[in-house]
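[1] This is a predicted model, with the sequence first.
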Amino acid sequence: MLMMNNRNFFQNGFTLIELVAVIVLLGILAVVAAPKFIDFSSDARKATLAQTTGTIKSAIQMVHAKAVIEGLDSLESSTIQIQGNSVQISYGYPSASISQGLVLAVNIGKVSYYGKFSNNAESDWVTQGMGSRVANGVSRPAMDIGFGDLSKDGSGSDLGIQPMATGCYMRYFAAKGTTPATIEMTTSGC
């Protein structure tokens, strides 16, 4: 007859302490590693920026085609009718004028202007005039376009975040002479 002694009996499985330790370790790994693998907001911002940049590129080409047809493509300043709006153009492309140029030529949603009293958080996009900037070796008027939700609420307490300061914006360069208008994307901060 075989008798089993409790001291000689082998147990299989994990203790409660071992299970808790493994669960805690997996929880720590999930908190640290998951955000690095799952960053959908950044990808969504980049995709939205790319799509809007493409929309703007198409719109400026259509404005230019209409300006060529109407013989306005060689004038430094003129206006053209686009979707019922009188759009200011320069050398046949929408100007970088925040209120009269590019924003009127293309429908990209609700647009507000960067500034102390602008309620940019309620807009899809916020624009800021940048004066003259160099692109393709030519200094010309430029305008930045960034996400509205990255800016302040219009309370007047401060200026908020400039589109350029977010690292997630578009910069429109108006045409000058024979140099056509262009738009560039910056996604380093998206």
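    Okay, I see it. Quick caveat: nothing in here was measured; it's all calculated off a predicted structure.

[2] so how far is residue 105 from residue 83?
    8 Å (C-beta to C-beta, to the nearest Å). Using the backbone N, CA and C atoms, a C-beta is placed for each residue, glycine as well.

[3] which of these two has more neighbours?
    The neighbour comparison of residue 83 against residue 105 (other C-beta atoms under 10 Å) goes to residue 105, with 23 against 9.

[4] Now do the contacts for the more buried one.
    For residue 105, the contact set (C-beta atoms under 8 Å, 6 or more residues apart in numbering) comprises 59-60, 63, 82, 85, 87, 94.

[5] Please report which of those has the highest neighbour count.
    Of all those, residue 94 has the most neighbours under the rule other C-beta under 10 Å, reaching 29 neighbours.

[6] For it, grab phi and psi.
    phi -60, psi 140 (degrees, to the nearest 10).

[7] Count the neighbours of residue 132 for me.
    Neighbourhood size, residue 132 [other C-beta under 10 Å]: 13.

[8] wait, isn't it in contact with residue 173?
    No - counting by C-beta atoms under 8 Å, residue 132 sits too far from residue 173 to count as a contact (9.6 Å).

[9] picking up where we left off before, any chance of the contacts of residue 105 in a markdown table, with secondary structure and distance to residue 45 too?
    A markdown table is the format used below for these (DSSP: H, G, I helix; E, B strand; the rest coil; distance: C-beta to C-beta, whole Å):
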| residue | secondary structure | distance to residue 45 |
| --- | --- | --- |
| 59 | helix | 21 |
| 60 | helix | 22 |
| 63 | helix | 27 |
| 82 | strand | 28 |
| 85 | strand | 28 |
| 87 | strand | 28 |
| 94 | strand | 24 |
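
[10] which residues of this structure fall in helices?
    Assignment of helices within the chain using DSSP state H yields the ranges 16-37, 40-69, 102-105, 163-166.

[11] partner residues bridging the closest residue to residue 81 other than its chain neighbours?
    Closest residue to residue 81 apart from its sequence neighbours, by C-beta to C-beta, 6 or more residues apart in numbering: residue 87 at 7.4 Å. When bridges are called by DSSP bridges, residue 87 pairs up with residue 80.
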